[in-house]
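Undergrad: sequence first, then the predicted structure:
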Amino acid sequence: MYADLCATFDLIAATTKRLEITSLLATFLHTVITAHPADLLSAVYLCINRLCPEYEGLELGIGESILMKAIGEATGRTLQKIKADMAEVGDLGEVAMASRGSQKTMFQPKPLEVGKVFKVLKEIATISGGSSQKVKVDKIKGLMVSCRGNEAKYLVRSLEGKLRIGLAERTVLVSLSHAFFRARTSTSRKPTDDALKRAEDIVKGVYMELPSYDQIVPALLEYPIDELPNRCHLTPGIPLKPMLAHPTKAISEVLDRFEGKLFTCEYKYDGERAQMHLLDDGKRCIFSRNSENLSAKYPDVLARLDKMCAEDTKSFVLDCEAVAWDTEKQCILPFQVLSTRKRKDVKEENITVQVCIFAFDLLYLNGESLLRHTLQDRRALLHAHFVPVPGQFAFAKSMESNNLDDIQVFLDESIQGNCEGLMVKTLVDESSYEPSRRSRNWLKVKKDYLDGVGDSLDLVVIGGYIGKGKRTGVYGGYLLACYDPEAEEYQAICKIGTGFSEEALTTLAESLKPHLIDQPKSYYRLGDAKADVWFDAVQVWEVKTADLSISPVYQAAVGLVDSSKGISLRFPRFIRVRDDKSPEDATTGEQVADMYNRQQINSAAGGGGGGDDDE
Ligand SMILES: Nc1ncnc2c1ncn2[C@@H]1O[C@H](COP(=O)(O)OP(=O)(O)OP(=O)(O)O)[C@@H](O)[C@H]1O
Ligand SMILES: [Mg+2]
Ligand SMILES: [Mg+2]
């Protein structure tokens, strides 16, 4: 059984054609549905490399050293040999497979089952405490000795938290819908593309509202696909992925894009996205942009929830921004202040950074999902069912006008008020809430864009340079990368050395030290970029740049603008650590290429702000 999954992984790794991958996985999942339905949930989780819904926060990502130890002990090879192989091959999964293959076994252990493998992985992730390292190694060993063929390779990669076979989560979702479609229709007829597509849209749509296989897989096993939307829908307590916005260069661009449509301008608050939930039973929670549970960070906000609700408000999901607040001067403080707030185990009486919540959308109210309502409706309900509390809870400031001068005045006011600019949104037509989409119906206008800097990038730290002179003892600079989800690789984009306060240099170096690795990962695409030390891809930094240029050295967006050269940033400047983005949410190669192309168009047009003067 686990062998079948691993065989499928091998086939998937061997092709890059999305349709083929979908069909390979659908075939496998179909057999699971018909022959071992109880293992289906485990199989799906193994395919997407997760242990539970994202918001539960349980993760694998077992460190290289523990894995090497386990491989050594399970295969009777020395650590030195494994390290040497690793240096040569660069992939611990391959090393494990080769080590297992060369091992003489006295007897054949029982074949591994998907459900068993997944169960043990989950156990490993939950182990903590004093002797946890040893227990983990033992459990890994226990699985490893039963591995045959390529199983050790995928087992190790699952433990590392990265399969790297080019299997995107949305492909798993599509395959799952196809597999169920096949299982639910008679085999004599070949399904029409339309019917397949319909099944696909239902499953995808439901997942957007309720991103939890724990709920969706059992429902699919029990009911027909058409019934799924009635069984699974937006539910307070389970975070949905927030809707995202497109950057625009100027107010005139907004007016062009939204011509003939009703739209609204809102202040764009500069804090942290906060999705607030109230459940029927009174339970409450807050989630980040990344579906991380922030309840332990904002006990003060949870405590004020009752004050914010009108009397008939029993359950809801609110989309908000949490912003640092100056209680004396009664005004918004910059993001930098919010970032100094403690993140975990916050006690209300010790809070130094107060926050005010600015609500801009209502997604669910009293048992009903509002996602498909117009923004106009949702906003009316928001205002009717919630009550502003000075300095604690407010509605996002908004304004309707299609006059360029009016919007400019509103934008200037927002900047005066310590905001980042405006969010401009369709109000009636095409104004439903689109979870997890970067929608064309939400446009952001930031002050920075108007200054000609363009949007910031969120990049992953993969290398460092030993500091000299004033930076002795800390890193003098870092190597950054963007992420290419298609190739599942981090592509080096630039060296960065400016924008750091002395304090930041120290704290960043400290926070990265536990993630030092002996050599760059096989999935770092480096080109000619070099570094003194290498880091595991764990930290995301927001970075501003003067401009982007084609580079013979760096490999970001390679193949998109030039067949062999990548794109690099000129004069990159560190802004902040993005705790709310994981490395795989970093700016993509495609976005980098997009930014480069837009910049070319703008400078060719001789438009404003073309200068690239940087201090
Ligand atoms: N009125 C508002 N409506 C919607 N979002 C708002 C509003 N005010 C502030 N925001 C914040 O602005 C964010 C979108 O712009 P921002 O440039 O900060 O995105 P980001 O988090 O850097 O992500 P990305 O760059 O990937 O789009 C939202 O995620 C939300 O946190
Ligand atoms: Mg922001
Ligand atoms: Mg951004």
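TA: Great, that's in hand. Residues are numbered from 1 along each chain as shown. Ligands and ions are numbered 1, 2, ... in the order given.
Undergrad: just want the phi and psi numbers for Gly90.
TA: Dihedral pair for Gly90: phi 80, psi 0, per degrees, to the nearest 10.
Undergrad: ok, now which ones touch it?
TA: 519, 521-522 (C-beta atoms under 8 Å, 6 or more residues apart in numbering). Where C-beta positions appear, they are placed from N, C-alpha and C, glycine not excepted.
Undergrad: just the buried subset of those residues, please.
TA: Lys521 (16 or more other C-beta atoms under 10 Å).
Undergrad: wait, which of the contacts of Gly90 is closest to Lys297?
TA: Lys521 (30.7 Å; C-beta to C-beta).
Undergrad: quick one, helices of the stretch 51-200 of the chain?
TA: 64-75, 79-89, 92-101, 114-126, 132-144, 151-160, 169-184, 193-209 (DSSP state H, counting those that start in this stretch).
Undergrad: can you check which of those gets nearest to ligand 1?
TA: helix 193-209 (16.5 Å; C-beta to the nearest ligand atom).
Undergrad: assign Thr352 to helix, strand or coil.
TA: coil (DSSP: H, G, I helix; E, B strand; the rest coil).
Undergrad: which one is it nearest to, not counting chain neighbours?
TA: Spatially, and ignoring its direct neighbours in sequence, Thr352 is nearest to Arg341 (7.4 Å; C-beta to C-beta, 6 or more residues apart in numbering).
Undergrad: tell me which element the nearest residue to Tyr475 once chain neighbours are set aside is part of?
TA: The shortest distance from Tyr475 to any non-neighbouring residue, by C-beta to C-beta, 6+ apart, is to Gly464 (4.1 Å). Element membership for Gly464 (DSSP states H and E) is strand 457-466.
Undergrad: packing partners for that strand?
TA: With contacts taken as 3 or more C-beta pairs under 8 Å, 6 or more residues apart in numbering; DSSP states H and E, strand 457-466 sits against strand 475-484, strand 489-496, helix 502-512, strand 533-535, strand 540-544, helix 589-604.
Undergrad: could you tell me the angle between the last one and strand 475-484?
TA: By that I understand helix 589-604. 100 degrees (axes from the mean of the first three to the mean of the last three C-alpha atoms, to 10 degrees).
Undergrad: for the second one, same thing?
TA: In this structure, strand 489-496 runs at an angle of 150 degrees to strand 475-484, with the same axes, to 10 degrees as the basis.
Undergrad: surely Tyr433 is in contact with Thr374?
TA: No: using C-beta atoms under 8 Å, Tyr433 is not in contact with Thr374, being 9.8 Å away.
Undergrad: so for the two, which residue has more residues nearby?
TA: Tyr433 (28 against 18; other C-beta atoms under 10 Å).
Undergrad: hang on, the residue nearest to Tyr475 packs against Arg471?
TA: No: with contact defined as C-beta under 8 Å, Gly464 does not reach Arg471; the gap is 10.9 Å.
Undergrad: hmm, back to that, okay, the helices and strands packed on strand 457-466 in CSV with distance to ligand 1, mean pLDDT and mean neighbour count next?
TA: As requested, those are exported to CSV (distance: least, C-beta to the nearest ligand atom, whole Å; pLDDT from 0 to 100; neighbours: other C-beta atoms under 10 Å):
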stretch, distance to ligand 1, mean pLDDT, mean neighbour count
strand 475-484, 12, 97, 26
strand 489-496, 15, 97, 26
helix 502-512, 19, 94, 14
strand 533-535, 22, 96, 20
strand 540-544, 7, 96, 21
helix 589-604, 8, 87, 17
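Undergrad: for stretch 57-75, what is the distance to the chain centroid?
TA: Stretch 57-75 has its C-alpha centroid displaced from the chain centroid by 24 Å (C-alpha atoms, centre = their mean, to the nearest Å).
Undergrad: ok, stretch 332-347 next?
TA: Counting by C-alpha atoms, centre = their mean, stretch 332-347 comes out at 21 Å from the chain centroid.
Undergrad: cool, stretch 287-296 as well?
TA: That offset, for stretch 287-296, works out to 12 Å (C-alpha atoms, centre = their mean).
Undergrad: on that earlier part again, what's the distance between the residue nearest to Thr352 and ligand 1?
TA: 16 Å (C-beta to the nearest ligand atom, to the nearest Å).
Undergrad: and the residue nearest to Tyr475, what does it touch?
TA: With C-beta under 8 Å, 6+ apart, Gly464 has these contacts: 475, 477-479, 509, 512, 531-535.
Undergrad: for it, give me the pLDDT.
TA: Per-residue confidence (pLDDT) for Gly464: 97.
Undergrad: that one and Leu512, how far apart?
TA: 7 Å (C-beta to C-beta, to the nearest Å).
Undergrad: partner strands of the strand holding Gly464, with direction?
TA: Here strand 457-466 is paired, per DSSP bridges, with strand 475-484 (antiparallel), strand 533-535 (antiparallel), strand 540-544 (antiparallel).
Undergrad: near ligand 1, which residues of the protein?
TA: Residues of the chain lying close to ligand 1 (C-beta under 6 Å from any ligand atom) are 242, 244-245, 266-269, 273, 289, 321, 360, 396, 423, 444.
Undergrad: from these, keep the buried residues only.
TA: Using 16+ other C-beta under 10 Å, the buried members of the residues of the chain next to ligand 1 are 242, 245, 266-269, 273, 289, 321, 360, 396, 423, 444.
Undergrad: make JSON lines out of those and add pLDDT and secondary structure.
TA: JSON lines is the format used below for those (pLDDT from 0 to 100; DSSP: H, G, I helix; E, B strand; the rest coil):
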{"residue": "Pro242", "pLDDT": "97", "secondary structure": "coil"}
{"residue": "Ala245", "pLDDT": "96", "secondary structure": "strand"}
{"residue": "Glu266", "pLDDT": "98", "secondary structure": "strand"}
{"residue": "Tyr267", "pLDDT": "98", "secondary structure": "strand"}
{"residue": "Lys268", "pLDDT": "98", "secondary structure": "strand"}
{"residue": "Tyr269", "pLDDT": "98", "secondary structure": "coil"}
{"residue": "Arg273", "pLDDT": "98", "secondary structure": "strand"}
{"residue": "Arg289", "pLDDT": "95", "secondary structure": "coil"}
{"residue": "Glu321", "pLDDT": "98", "secondary structure": "strand"}
{"residue": "Phe360", "pLDDT": "98", "secondary structure": "strand"}
{"residue": "Ala396", "pLDDT": "98", "secondary structure": "coil"}
{"residue": "Met423", "pLDDT": "98", "secondary structure": "strand"}
{"residue": "Lys444", "pLDDT": "95", "secondary structure": "strand"}
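Undergrad: now those in a markdown table, with distance to Tyr298?
TA: Below are these laid out as a markdown table (distance: C-beta to C-beta, whole Å):
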| residue | distance to Tyr298 |
| --- | --- |
| Pro242 | 17 |
| Ala245 | 23 |
| Glu266 | 22 |
| Tyr267 | 21 |
| Lys268 | 21 |
| Tyr269 | 15 |
| Arg273 | 12 |
| Arg289 | 14 |
| Glu321 | 13 |
| Phe360 | 17 |
| Ala396 | 18 |
| Met423 | 22 |
| Lys444 | 24 |
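Undergrad: looking at the contacts of Gly90, which one is closest to ligand 1?
TA: Using C-beta to the nearest ligand atom, the contacts of Gly90 come closest to ligand 1 at Lys521, 23.6 Å.
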